[in-house]
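Structure, please.
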Amino acid sequence: MNGHSFNAHGVWAIYRFEMARALRTLWQSLVTPVITTSLYFVVFGGAIGSRMQTVDGVGYGSFIVPGLIMMSLLTQSISNASIGIYFPKFTGTIYELLSAPVSAMEMVLGYVGAATTKSVILGLIILITAMLFVPLPIAHPFAMLAFLVLTSVTFSLFGFIIGVWAKGFEQLNFVPALLITPLTFLGGAFYSISMLPQPWQTVSLFNPVVYLVSGFRWSFFDKGDVSVGISLGVTALFMVLCLSVIGWIFKTGYRLKS
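Numbering: from 1, shown residues only. Take a look at the predicted model:
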């Protein structure tokens, strides 16, 4: 797979196949997460918002929107990319893919590009849905889109790694359900970590999701629990780590053919 020119047709074929698969499961891919998020919004915004009017000067209903979008973005990015690469392993078509004139980078571009596209579309749909419930200013629209794309790419890369690692469908759901969702709940999705007593404020800073939610929330309200520079830095660092692991996977062939 080395020493050949960039194969745009190969990347496009993988991308198009993955997007077509999403259209076949449109209810699961888009409608279900939107309904789930709307329920979160109604429950948290209605039940808690009536008792907690504002957080850092922002109406509670509006305050939780970036956290809700980020929670869906993380779980769906991981899910889309992990299923995308796991399915060829499960059906045995991974051998055809590995023998095709498509490099490792092109394969990753196809799968991660499709997963990122689906996640960004989902994020924007949830954003539009939220605007039907509450007023939602976007102080830095370009930064909001940048965080949306950067987070989707990063966690799609992470999902690709999980898809390679997983030996069964239960392992595909293990990380989003038992790691990402709890970290998002504890990462300031529904509250500001400044509301926590010590030492929990400090403990929260070891949760990487805090930096994602904080940076994304800053793009809406110009306020965050940590500086936007640190949020970007942590996200970029995790992306580089994921790229390094994927490079190692293709170099060693780890579980690609199992």
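
lowest-confidence helix or strand of the chain?
Ranked by mean pLDDT, DSSP states H and E, the helix or strand of the chain with the weakest confidence is helix 94-99, at a mean of 68.

Check which element follows it along the chain.
helix 104-131 (DSSP states H and E).

which strands and helices sit next to that following helix?
In terms of contacts (3 or more Cβ pairs under 8 Å, 6 or more residues apart in numbering; DSSP states H and E), helix 104-131 is packed against helix 8-24, helix 32-43, helix 65-91, helix 141-165, helix 228-252. Glycine gets a C-beta too; all of them are placed from N, C-alpha and C.

so which of the ones you listed gets nearest Pro197?
helix 65-91 (20.3 Å; Cβ to Cβ).

so what secondary structure elements neighbour the closest one?
If contacts are counted by 3+ Cβ pairs under 8 Å, 6+ apart, helix 65-91 sits against helix 8-24, helix 32-43, helix 104-131, helix 141-165, helix 169-175, helix 181-185, helix 208-221.

Would you mind measuring from the residue nearest to the spatial centre of the chain to Leu186?
Most central in the chain under Cα atoms, centre = their mean is Leu74, positioned 2.7 Å from the mean C-alpha point. Here the criterion is Cβ to Cβ, to the nearest Å. By it, Leu74 lies 13 Å from Leu186.

quick one: common contacting residues for these two?
Contact criterion Cβ atoms under 8 Å, 6 or more residues apart in numbering; residues shared by Leu74 and Leu186: Val209.

which residues touch the closest residue to Arg217 other than its chain neighbours?
Spatial nearest neighbour of Arg217, chain neighbours left out: Pro66 (4.2 Å); criterion: Cβ to Cβ, 6 or more residues apart in numbering. When contacts are counted by Cβ under 8 Å, 6+ apart, Pro66 touches 213, 216-217, 219-220.

what would these look like in JSON lines with distance to Glu18 and neighbour count?
Conversion of the contacts of Pro66 to JSON lines gives the following (distance: Cβ to Cβ, whole Å; neighbours: other Cβ atoms under 10 Å):
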{"residue": "Val213", "distance to Glu18": "27", "neighbour count": "31"}
{"residue": "Phe216", "distance to Glu18": "25", "neighbour count": "28"}
{"residue": "Arg217", "distance to Glu18": "30", "neighbour count": "30"}
{"residue": "Ser219", "distance to Glu18": "28", "neighbour count": "22"}
{"residue": "Phe220", "distance to Glu18": "30", "neighbour count": "24"}
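
Can you redo those residues as JSON lines, where the extra columns are distance to Gly163 and pLDDT?
Formatted as JSON lines, the contacts of Pro66 follow (distance: Cβ to Cβ, whole Å; pLDDT from 0 to 100):
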{"residue": "Val213", "distance to Gly163": "25", "pLDDT": "92"}
{"residue": "Phe216", "distance to Gly163": "25", "pLDDT": "94"}
{"residue": "Arg217", "distance to Gly163": "29", "pLDDT": "94"}
{"residue": "Ser219", "distance to Gly163": "29", "pLDDT": "94"}
{"residue": "Phe220", "distance to Gly163": "31", "pLDDT": "94"}
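
can these go into CSV with extra columns for distance to Gly233?
Compiled in CSV, the contacts of Pro66 are given as follows (distance: Cβ to Cβ, whole Å):
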residue, distance to Gly233
Val213, 15
Phe216, 15
Arg217, 17
Ser219, 16
Phe220, 20
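
Between the residues you listed, which sits nearest Ser119?
Nearest member of those to Ser119, counting by Cβ to Cβ, is Phe216, at 13.1 Å.
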